[in-house]
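Sequence and computational prediction follow.
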Amino acid sequence: MRRAARRRQPRNGAAYPDKPGTLTDEKRWVRGWIDETYLWYGEVPTTLKAADYATPVAYFSVLKSPALTASGRAKDRFHYVYDTERYRQLSENGVAPGYGMEFAFVRNSRPRDLRIAFTEPGSPAATAGIARGAKVLEIDGVNVVSSTNTTAINRGISPTTIGESHTFVFEVGGVRQAPVTLEAASITRTPVQNVKSIDTGSGRVGYLLFNDHITTSESQLVNAFNQFRQDGVQDLVLDMRYNGGGQLNIANRLASMVSSSATTSGKVFERLAFNDKNPFHLTLAQTIYTFLGTSRTGATLPRLGLPQVTVLVGPDTCSASEAVVNGLRGIDVKVNLVGGTTCGKPYGFSPQDNCGTSYFAIQFQGVNNKNFGDYGDGFAPDCAVADDFDHPLGDPAEARLAAALAMRNGGACPVSASAKTQPGLEKSETADEQPYLLHRSPLREMRLVEAAPSPG
């Protein structure tokens, strides 16, 4: 498509393969891509005219289904574009500008309550001693709790360039802290954290925090499960409350490591259901992802062989993370959910690069071994527990983990842990409306297959 001849691919320095074209050509390509590959192409309004939109991206943004889910939410909440090179860096290596701390709103209207959900090891935030639970009071002198200057607040919490600096004032344990200035750096995400084995009165329980299904997570997951095997864990708590998804094969391997080879052998982890045009000309066998028994390197995966697993979840648990839950339930592994309702994204796509922009349009729905995949409104928790910002993630006293440990032998959800029964909670802290991460990239709410088929 339309591109200056001197532009080169940042990844390898080679010239882009697309050919020069007009603005009309680009818009025609966008419409054609939607009409051919979009899962709900028949629901896209026919009254939309390319000439009414200044750019291909603007045109693409409206070419989606206007339908709603049973709860009244938009069915397609995941239609977006991304700079191709930034997408590659984030999806493969988890690299992006930032301070290395995740923000979460406990209350997103005034008086706001903005907290730190977690920090990345070795990041500017971690080096400055900022930890989970810290409440943000000010950014660059602007009162985060009460100010109407949301532009300044958003600018501070979402740096876009390396070296960009902003000054924060935090409250920790009810005490106002001295101002701290943080400079944005190139943050490499550590997707697997806090791997530990917890001794309980009824056996040893493995725990890990898993935040991103990116390429680097595979070896970290394998190492964690090898540790669990060595420790002889009898149960597992998988914390994916902040995991928006990513690569489907990572989710597949994670689910396989939870279960046994006898349970997963020959079974479907996820089948991809495309539109009736079969746009990528796939056979039935090509749409089926069976449970994987080996890593990318061909090494045999370590397995725990568990008949059940507890997953800590919330509204930021999305897409490939939900596929782990659905895939295991499809082979009758009992999955206990503790926390809040998940995001509701049984859909995915193969990103299409064009002129330095990667287009993400829903192209398939994922269904499990039992052909179930209708969870557009998310998975409801078996035990509703508010996110606990007063304890570190992985602390057995943290509310969600504590509830999971209490329930591991079939016990009931602790009444005191249920968000709906706790007095004094804001509306946004109920089980139906849990705190959520702020300004999370759409790339962290995805289900991606590794190779994009080419439509004929």
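Structure's in. What do you need? Numbering: from 1, shown residues only.

And the helices in the stretch 101-250 of the chain?
124-127, 150-157, 217-231, 248-258 (DSSP state H, counting those that start in this stretch).

Output the contacting helices and strands for the shortest one.
This points to helix 124-127. Contacts defined by 3 or more C-beta pairs under 8 Å, 6 or more residues apart in numbering; DSSP states H and E place helix 124-127 against strand 113-119, strand 180-183. For glycine as for every other residue, the C-beta is placed from the backbone atoms N, C-alpha and C.

For the last one, buried residues please.
Neighbour-count burial for strand 180-183 flags Leu182 (criterion: 16 or more other C-beta atoms under 10 Å).

Need the residues that contact that strand.
With C-beta atoms under 8 Å, 6 or more residues apart in numbering as the test, strand 180-183 has contacts from 99, 124-125, 128, 130, 163-170.

returning to what we had before: could I get the helices and strands packed on helix 124-127 as TSV with distance to Val205?
What follows is the helices and strands packed on helix 124-127, written out as TSV (distance: least, C-beta to C-beta, whole Å):
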stretch	distance to Val205
strand 113-119	21
strand 180-183	35
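
so which of those gets nearest Gly410?
Between Gly410 and these, the shortest separation by C-beta to C-beta is 30.2 Å, and it involves strand 113-119.

Give me the buried positions along that closest one.
Here strand 113-119 shows 113-119 as buried, counting by 16+ other C-beta under 10 Å.

what's the angle between it and helix 150-157?
Interaxial angle, strand 113-119 versus helix 150-157 (axes from the mean of the first three to the mean of the last three C-alpha atoms, to 10 degrees): 20 degrees.

Check which helices and strands strand 113-119 sits against.
Looks like strand 113-119 contacts strand 101-107, helix 124-127, strand 135-139 (3+ C-beta pairs under 8 Å, 6+ apart).

looking at those, which has the lowest confidence?
Lowest mean pLDDT within the helices and strands packed on strand 113-119: strand 101-107, a mean of 91.

How much space separates the nearest residue to Ala70 once chain neighbours are set aside from Val309?
Computed as C-beta to C-beta, 6 or more residues apart in numbering, the closest residue to Ala70 that is not its neighbour in sequence is Asp377, at 6.0 Å. Computed as C-beta to C-beta, to the nearest Å, the Asp377 to Val309 distance reads 23 Å.

of those two, who's got more company?
Between Asp377 and Val309, Val309 has the larger neighbour count (other C-beta atoms under 10 Å), namely 21 against 15.

That one against Val338, yeah?
No. Applying C-beta atoms under 8 Å, one finds Val309 not in contact with Val338, separated by 11.2 Å.

my read: Gln227 touches Arg204, true?
No. Using C-beta under 8 Å, Gln227 is not in contact with Arg204, being 11.6 Å away.

what do those two both touch?
Ser197.

can I get the helices and strands packed on strand 113-119 in CSV with mean neighbour count and distance to Ala285?
Formatted as CSV, the helices and strands packed on strand 113-119 follow (neighbours: other C-beta atoms under 10 Å; distance: least, C-beta to C-beta, whole Å):
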stretch, mean neighbour count, distance to Ala285
strand 101-107, 20, 40
helix 124-127, 19, 46
strand 135-139, 21, 51
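
of all the ones you listed, which lies closest to Pro279?
Judging the helices and strands packed on strand 113-119 by C-beta to C-beta, what sits closest to Pro279 is strand 101-107, at 36.0 Å.

Relative to the closest one, what are the paired strands and their orientations?
Sheet pairing for strand 101-107, assigned by DSSP bridges, gives strand 113-119 (antiparallel), strand 436-437 (antiparallel).

can the ones you listed go into TSV with extra columns for distance to Tyr242 and mean pLDDT?
Formatted as TSV, the strands paired with strand 101-107 follow (distance: least, C-beta to C-beta, whole Å; pLDDT from 0 to 100):
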stretch	distance to Tyr242	mean pLDDT
strand 113-119	6	96
strand 436-437	6	46
